[in-house]
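Asker: quick one, what's the 3D model for this:
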Amino acid sequence: MQMQPQIPEETIQLWKSIVDKSNWRIVELPNGFYQTECQSSDKWEDVTRRETVEGAERAIDSSIEHYKKKLKALEGPKVVKTFK
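Answerer: Reported below is the predicted structural model:
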């Protein structure tokens, strides 16, 4: 059985930060687009750009769900079915 590589603790902490929506913001750019940003340490990192505020928020929600799944996977394999 092949072992998965160990995820560094700083990466895990970053993922935990990403799944907290209070660490996100949306800013309007001079060109009229909206940029999503996530706070990392003491600075804001740009993540993606969208044409609407709604699209930007959907992108944030998708990122949060993606990283929640990554954190859940760290718990190890999940039994989905057993047989008798």
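Asker: any idea how far Val47 is from the nearest residue to Gly55 once chain neighbours are set aside?
Answerer: Excluding its sequence neighbours, the residue lying closest to Gly55 (C-beta to C-beta, 6 or more residues apart in numbering) is Tyr34, at 7.3 Å. In short, each C-beta sits where N, CA and C put it, glycine included. Tyr34 is 11 Å from Val47, where distance means C-beta to C-beta, to the nearest Å.
Asker: more neighbours: which of those two?
Answerer: Neighbours were counted for Tyr34 and for Val47 using other C-beta atoms under 10 Å; Tyr34 has more, 19 against 15.
Asker: OK, contacts around the more buried one?
Answerer: Going by C-beta atoms under 8 Å, 6 or more residues apart in numbering, Tyr34 touches Ile26, Val27, Glu28, Arg49, Arg50, Glu51, Thr52, Val53, Gly55, Ala56.
Asker: report pLDDT for Val79.
Answerer: For Val79, the model assigns a pLDDT of 87.
Asker: for it, helix, strand, or coil?
Answerer: Here Val79 takes the coil state, with states given by DSSP: H, G, I helix; E, B strand; the rest coil.
Asker: can you pull the buried residues of the lowest-mean-pLDDT helix or strand in the chain?
Answerer: Every helix and strand of the chain was ranked by mean pLDDT, DSSP states H and E. The lowest is helix 9-18, at a mean of 93. By neighbour count on 16 or more other C-beta atoms under 10 Å, the buried set for helix 9-18 is Trp15, Ser17, Ile18.
Asker: test my guess that the last one contacts Glu65.
Answerer: No: under the criterion of C-beta atoms under 8 Å, Ile18 makes no contact with Glu65, lying 10.5 Å away.
Asker: using PDB, write out every CA atom in the longest helix seen in the chain.
Answerer: Looking across the chain with DSSP state H, the single longest helix is helix 53-73. The C-alpha coordinates for helix 53-73 follow below in PDB (Å, rounded to 0.1, in the frame of the first residue of the first chain):
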ATOM      1  CA  VAL A  53     -19.800  40.700  -6.900                       C
ATOM      2  CA  GLU A  54     -22.100  37.600  -7.000                       C
ATOM      3  CA  GLY A  55     -19.600  35.700  -9.200                       C
ATOM      4  CA  ALA A  56     -16.800  36.700  -6.900                       C
ATOM      5  CA  GLU A  57     -18.700  35.400  -3.800                       C
ATOM      6  CA  ARG A  58     -19.500  32.100  -5.600                       C
ATOM      7  CA  ALA A  59     -15.700  31.700  -6.300                       C
ATOM      8  CA  ILE A  60     -15.000  32.200  -2.600                       C
ATOM      9  CA  ASP A  61     -17.600  29.700  -1.600                       C
ATOM     10  CA  SER A  62     -16.200  27.200  -4.100                       C
ATOM     11  CA  SER A  63     -12.700  27.700  -2.700                       C
ATOM     12  CA  ILE A  64     -14.000  27.200   0.800                       C
ATOM     13  CA  GLU A  65     -15.700  23.900  -0.100                       C
ATOM     14  CA  HIS A  66     -12.600  22.700  -2.000                       C
ATOM     15  CA  TYR A  67     -10.400  23.300   1.000                       C
ATOM     16  CA  LYS A  68     -12.900  21.800   3.400                       C
ATOM     17  CA  LYS A  69     -12.700  18.600   1.400                       C
ATOM     18  CA  LYS A  70      -8.900  18.700   1.500                       C
ATOM     19  CA  LEU A  71      -8.900  19.100   5.300                       C
ATOM     20  CA  LYS A  72     -11.500  16.200   5.600                       C
ATOM     21  CA  ALA A  73      -9.200  14.000   3.500                       C
END
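Asker: nice, that's everything, thank you.
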